[in-house]
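Participant: this one's sequence-less:
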């Protein structure tokens, strides 16, 4: 996940198309949250554009415990002439939890390395310009296990850190699932331990 306090993403699919000499570049920007979804979407694009010569892409995803997953692929274009320009543009716009794919239909005239870098970068910028970007704050999921008698003290700590409770299961020990902003996670864990005199188990997602 990005180290900054917030990052940009999208909640819908966007598309743009540009032409360079006689090649057509079609760019897709998709909101995705895991690499399995990326594989599925890439397969859809390849199926839709079977006649295209290249299906280049880059993605940035929020990983577990604040990790950031970044990948780029030139898909047969010269090394670093397609995937890296796409990825660098995503980084420059602080975009995360997205896949950006650029499909190329080759018209017969070679663009050269510099021309390809500019073309893939321009296609990426075009679809981002069409997109409605939204701002998100990195969050972390966690699970708590504790004696029921400590519920009041724990709820007060969660409220102070504006944690979002997603579910509670009452049993021999209470299990609570929630999420909190990444910047609050370490302080929240320490405060929960202090407030319960160590009688709580904290599992970070």
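Facilitator: That came through, no problem. For clarity, every value in this text was computed on a predicted model and none was experimentally measured. Residues are numbered from 1 along each chain as shown.
Participant: break the protein into its domains for me.
Facilitator: Per the record, the chain has its domains at 7-136, 139-204, by automatic domain parsing.
Participant: quick one: mean pLDDT for the longest one?
Facilitator: Averaged across domain 7-136, pLDDT comes to 95.
Participant: so which residues of this protein form strands?
Facilitator: Shown for the chain, the strands assigned by DSSP state E span residues 7-9, 14-20, 23-31, 54-62, 68-73, 98-105, 134-136, 139-146, 164-169, 174-181, 201-204.
Participant: what would these look like in a markdown table with mean neighbour count and distance to residue 189?
Facilitator: From N, CA and C alone the C-beta is placed, and that goes for glycine too. Below are the strands of the chain laid out as a markdown table (neighbours: other CB atoms under 10 Å; distance: least, CB to CB, whole Å):
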| stretch | mean neighbour count | distance to residue 189 |
| --- | --- | --- |
| strand 7-9 | 21 | 23 |
| strand 14-20 | 16 | 38 |
| strand 23-31 | 21 | 30 |
| strand 54-62 | 24 | 19 |
| strand 68-73 | 16 | 21 |
| strand 98-105 | 25 | 29 |
| strand 134-136 | 12 | 22 |
| strand 139-146 | 19 | 8 |
| strand 164-169 | 12 | 16 |
| strand 174-181 | 18 | 9 |
| strand 201-204 | 14 | 5 |
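Participant: ok, which of these comes nearest residue 79?
Facilitator: Ranking the strands of the chain by proximity to residue 79 (CB to CB) places strand 68-73 first, at 10.9 Å.
Participant: neighbouring strands of the closest one in the sheet, and parallel or not?
Facilitator: Strand 68-73 has the following strand partners under DSSP bridges: strand 54-62 (antiparallel).
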